[in-house]
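Chemist: Below is the sequence, then the predicted model.
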Amino acid sequence: MENMNKIPISDFNLPERLRFDYFICSSSFEERCLTLASTISKDLIDNVIICHFENNYEISDERLERLKQLFQEKQIEVEILKKHQPINNFDSFYKWFNSFKKKSIIAIDITTFTRENLLMLLRIAYFKKNDFEFHLFYTPSNHYSISDSSKEIWLSKGVKEIRSVFSYPGDFSSLKKFLLIILTGFEYERAQTLIDIYEPAKLVLGKASTIKSINPELAKINEENFNHLQIMNSGSDTFEFSCINLEETIQTVKNQILMYGSDYNIVIAPMNNKLSSLSVGLVAIEDSTVQVCYASTNQYNINGYSSPSNYIFHIDLNSFFSVMKYNL
Amino acid sequence: MIKNPFEIKTPEQNSADEIVSLFVDVFTDFFQVKETNHTFINGPRGSGKSMMFRYILPDCQKIVKKCEFNELDFFSIYIPIKKTNINIVDFERLENHANTVLNEHLLVTYVLSISFEFIADTIKEELNNYDQEIQNFYEKEFISLLRLAGYQEAKMNLKANGVNLFKQMAKVLDHMYRECSNYCKRIAIQNEIVPYNGPLVDFIDFLLPLFQELNKLSFFPPNKAFYLLFDDAGYLNKEQTKILNTWVSYRTTKDICIKISTQHDYLTYLTSTGKRIDSPHDYSEINIATKYTSSGEDYYKRIKMIVEKRLDVYLGLEINAEDFFPEDEEQEKRIREIYDEIAEKKFDPIKKYQGTDAARRYCRSEFVKERKSGKSGMTYSYAGFNQLVAISSGVIRHFLAPAQEMYSLLLSRNQDSEIKFIPDNFQNEIITNYSEKFLTDEFDKIFTDSKDDAAQLKKADKLKNLVDSLGELFHAIFVSERADRVVFSVALNDRPDTELQEVIDLGIKYGYFHKSTIGNKTGTGRNSLYILSRVLAPYYKLNPLGFFGYQFMSSDTLKIALTKPKDFINLYIKRLEKPENEAELTLFD
């Protein structure tokens, strides 16, 4: 089995031996939270954990109910997550893994986890990599902000809070200046707010590669936003990254760290899709000097955030852990 | 790539020469910053706090005063508080551990390592003239204080020159910081108590004596205090904030003055022992926005100088700020015509200035009314340097941020052509969006902040009602027949109750209001004056220019706006419709 593969939904076939002791997913206002849950054979799953944020949008509550229906014959646990209390959520995640039986095979549908929760889950998975086998699934979107015209594409508005991701604090010297690397996405305004608040001594902007992007149409809008961001922040350096190839993005981010790490404390803000965020998390686990940050949003475009693609990425997480340089 | 002259850079990104050439002196207004005391400098993001700090750093002061470092009036050290370093989510776990002790150690070592590195980077090679003196300092003072703190490992190359000796001491302190910081991160993830075996230091027994000894070195100004400039101290966590307040509560200004900048987001004024620090007893205080709101002319001159300096330094353009941000010519032509008409109509040979005074007061109001009644669909334009300065409401960033956006967008549309000015329609479009975003984005934030707290949510609703009510009232006054049509503030003639005060305070926190005072009508005291931010002028279609009148009212009347905005507006609209009731209106309370 390859460490990452793309599976068409119409022909969703997992390798023969794969059965999951636990299936973990997250409710969301996005339709994509239902894609894998609707597709995957329930015979392959024993236990289900659905994460759900308290005080959520009505549509998310409805989708939680839909997820419960989809897995009604299974043992379901709903984990209520608290907004803006990452340590509380980290502890909840940790508790599950401590309660799972050793050698379990765990499937996590990362599609609609917040980047912060995804990264914390990744950290715990890394701690537990010798106890469990982790399989991640991601359903990309084929179109964003479906109720708006492409020029006015928006996913979220405003930044409520910017914080380091718990368990990715970095190891910062008070003597080094601070460099911010942003893997940009559509949310140009959020990126600019992050820059304004952090006021880094040096800024490095990552642009999703047009050729290697999930959707070329979206990549074009991305590029326009990126140009604007670059003009707003003259003096910033740039690089390109892939939003579909984990290994490639890991190497790209590592190269950036190599280039700047001796002179700067580095904070990375993954603001593109979950796959590139995952790459950032894997790099930061391997290189603990790097901090990862998260900008929580004020308001999501719940009327038209995204629609699902017709394929799903499958990631064999343990194989990524096994090639880490400082593999504990 | 062409430089954006309005780009908002962090002061650290500028050299001393650049700062001295770009800085517009503000210390006549904010003299407390340079005084030998502890000071809080409060101002919204972008009001110039960091720039002020940068300007009083020794490298700039040396250029300004044309003197040596040891001839300066004080030696200041810049301590940036970033969200990425001293305050990270992982430290929240310390609540279950030796919170105060560990946080004080982190803060002391953070401040000191930055200070030693700062000294090396600022004084540079000159330090190498004092190698022996610095070695003695290291051997007699530095090492002995470290040993008392339980740190044994310091191994330094004593044959190094002065700069390197300071850099090595900075590294030792940084090592102490990181050792503790990494311990804190470990216990955060493990969430269990593990003994800490590293050294521990605090302000009284380590930081203060170290600075007292440093002051004896001959390259520092003798018997002058070190100024520690904590920039953006609102980013400290609550425990660290209490620790800093404890330092402020100590009477150490002979040796160390603490200057703290905040964005009105300082978490607490309590010390670690629960005592409260107060002004003027423990510190002096500056509120930048309040100062500039009450002194419009000074502010206009400052922004003009800033803009012209930037255009010259970054683009080589010697141009008036007014020409770079031109007005809507057609609009201004018509306003001048209206001005002349009113001046002629109201001319009185006995009262020489009556005509021009009325023209000045009413020309924009009459213009807006004319546009409103016309079928052209055209609206009032907020273009022009004059208006943009007024709209920025005493906060320099509210001028620079939209100007930066205007310049960037224009550049991205005309990549090859040089920009000599910003077209008026472009200015108007961006400043109008900026005004709307200022209201909607901030309210999104307030509502999200309040979502889990019903009481807070009610307060946010009331604030939205209050801001809308005042915005609408001031617009109604602007297009009325009243004598004073440009009104931006409410003067309360009595003390607001807790409910109203909390809503107003929330508005101040988010920058919708500035607070000031005004003499009461009987001349026997002062009333609170709450000024609506002029950033909202384009949103509520208000005139940002000119002298501003204020509306006296009672707290009970203003309270109506919290829950019944329509009733509040109707109450005033009725009076505005009858100009003969004007006296009643201005005295309405």
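Modeler: Yep, that arrived.

Chemist: Please count neighbours and contacts with C-alpha atoms only from this point.
Modeler: Fine.

Chemist: So, low pLDDT: which residues of the chain?
Modeler: Using chain A here. Applying pLDDT under 70 to chain A flags the ranges A:1, A:16-17, A:55-57, A:143-160, A:211-218, A:296-307, A:325-328.

Chemist: not quite, I wanted chain B
Modeler: B:1-2, B:96-97, B:154, B:290-296, B:375-378, B:415-416, B:445-457, B:521-524, B:546-548, B:577-589.

Chemist: so B:Tyr110 makes contact with A:Phe172?
Modeler: No: counting by C-alpha atoms under 8 Å, A:Phe172 is not a contact partner of B:Tyr110; they are 10.7 Å apart.

Chemist: sec struct for A:Asn265, please.
Modeler: Assigned by DSSP: H, G, I helix; E, B strand; the rest coil, the conformation of A:Asn265 is strand.

Chemist: which residues touch it?
Modeler: A:Phe172, A:Ser173, A:Lys176, A:Lys177, A:Phe178, A:Leu179, A:Thr289, A:Val290 (C-alpha atoms under 8 Å, 6 or more residues apart in numbering or on different chains).

Chemist: tally of neighbours for the second one?
Modeler: For A:Ser173, the neighbour count with other C-alpha atoms under 10 Å in any protein chain shown is 20.

Chemist: what's the closest non-adjacent residue to it?
Modeler: Closest residue in space to A:Ser173, ignoring its immediate chain neighbours: B:Asp174 at 6.3 Å, by C-alpha to C-alpha, 6 or more residues apart in numbering or on different chains.

Chemist: list the helices and strands the helix or strand that contains the one you found packs on?
Modeler: B:Asp174 is part of helix B:162-190 when elements are defined by DSSP states H and E. Applying 3 or more C-alpha pairs under 8 Å, 6 or more residues apart in numbering or on different chains; DSSP states H and E, one finds that helix B:162-190 contacts helix B:99-123, helix B:131-136.

Chemist: so it versus helix B:99-123, what angle?
Modeler: Relative orientation of helix B:162-190 versus helix B:99-123 (axes from the mean of the first three to the mean of the last three C-alpha atoms, to 10 degrees): 150 degrees.

Chemist: Mind checking what helix or strand follows helix B:162-190 in sequence?
Modeler: Using DSSP H and E, the helix or strand that directly follows helix B:162-190 along the chain is helix B:208-214.

Chemist: what helices or strands is that following helix leaning on?
Modeler: Under the contact definition 3+ C-alpha pairs under 8 Å, 6+ apart, helix B:208-214 sits against no other helix or strand.

Chemist: mind listing what's buried in that helix?
Modeler: For helix B:208-214, a neighbour-count test (16 or more other C-alpha atoms under 10 Å in any protein chain shown) marks B:Leu208, B:Pro209, B:Leu210, B:Phe211, B:Gln212, B:Leu214 as buried.

Chemist: Tabulate the residues you listed (CSV), appending distance to B:Phe53.
Modeler: Output for the buried residues of helix B:208-214, formatted as CSV (distance: C-alpha to C-alpha, whole Å):
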residue, distance to B:Phe53
B:Leu208, 22
B:Pro209, 24
B:Leu210, 23
B:Phe211, 20
B:Gln212, 22
B:Leu214, 21
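
Chemist: The residues you listed: which two are farthest apart?
Modeler: B:Leu208 and B:Leu214 (9.8 Å; C-alpha to C-alpha).

Chemist: Can you list the buried residues in the longest helix belonging to chain A?
Modeler: Determined from DSSP state H, the single longest helix within chain A is helix A:216-232. Neighbour counts using 16+ other C-alpha under 10 Å place A:Leu218, A:Ala219, A:Ile221, A:Asn222, A:Glu223, A:Asn225, A:Phe226, A:His228, A:Leu229, A:Gln230, A:Ile231, A:Met232 of helix A:216-232 among the buried residues.

Chemist: Stretch A:180-197 too?
Modeler: Using 16+ other C-alpha under 10 Å as the test for burial, stretch A:180-197 gives A:180-191, A:194-195.

Chemist: Kindly report the same for stretch B:158-168.
Modeler: Result for stretch B:158-168 [16+ other C-alpha under 10 Å]: buried residues B:Leu158, B:Asn161, B:Gly162, B:Val163, B:Asn164, B:Leu165, B:Phe166, B:Lys167, B:Gln168.

Chemist: picking up where we left off before, in CSV: the buried residues of stretch A:180-197, plus secondary structure.
Modeler: Formatted as CSV, the buried residues of stretch A:180-197 follow (three-state DSSP):
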residue, secondary structure
A:Leu180, strand
A:Ile181, strand
A:Ile182, strand
A:Leu183, strand
A:Thr184, coil
A:Gly185, coil
A:Phe186, coil
A:Glu187, coil
A:Tyr188, helix
A:Glu189, helix
A:Arg190, helix
A:Ala191, helix
A:Leu194, helix
A:Ile195, helix
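
Chemist: Can you name the residues that contact the closest residue to A:Phe239 other than its chain neighbours?
Modeler: Excluding the flanking residues, the one nearest A:Phe239 by C-alpha to C-alpha, 6+ apart is A:Gly206, at 4.8 Å. By C-alpha under 8 Å, 6+ apart, the residues touching A:Gly206 are A:Ile181, A:Ile182, A:Leu183, A:Thr184, A:Thr238, A:Phe239, A:Glu240, A:Phe241.

Chemist: please redo it, this time with the cut-off set to 6 Å
Modeler: Taking C-alpha atoms under 6 Å, 6 or more residues apart in numbering or on different chains, we find A:Gly206 in contact with A:Ile182, A:Leu183, A:Thr184, A:Thr238, A:Phe239, A:Glu240.

Chemist: What pairs with the helix or strand encompassing it, parallel or antiparallel?
Modeler: Per DSSP H and E: A:Gly206 is located in strand A:202-208. With DSSP bridges as the test, strand A:202-208 is paired with strand A:177-183 (parallel), strand A:237-241 (parallel).

Chemist: Compute the number of surrounding residues for residue 321.
Modeler: As the question left the chain open, I've gone with chain A. Around A:Phe321 sit 19 other residues, with neighbours defined as other C-alpha under 10 Å.

Chemist: The intended chain is chain B.
Modeler: Counted with other C-alpha under 10 Å, B:Ala321 comes out at 20.

Chemist: List phi and psi for it.
Modeler: phi -60, psi -40 (degrees, to the nearest 10).

Chemist: Report the contact partners of it.
Modeler: Listed by C-alpha under 6 Å, 6+ apart, the contact partners of B:Ala321 are B:Lys304, B:Glu308.
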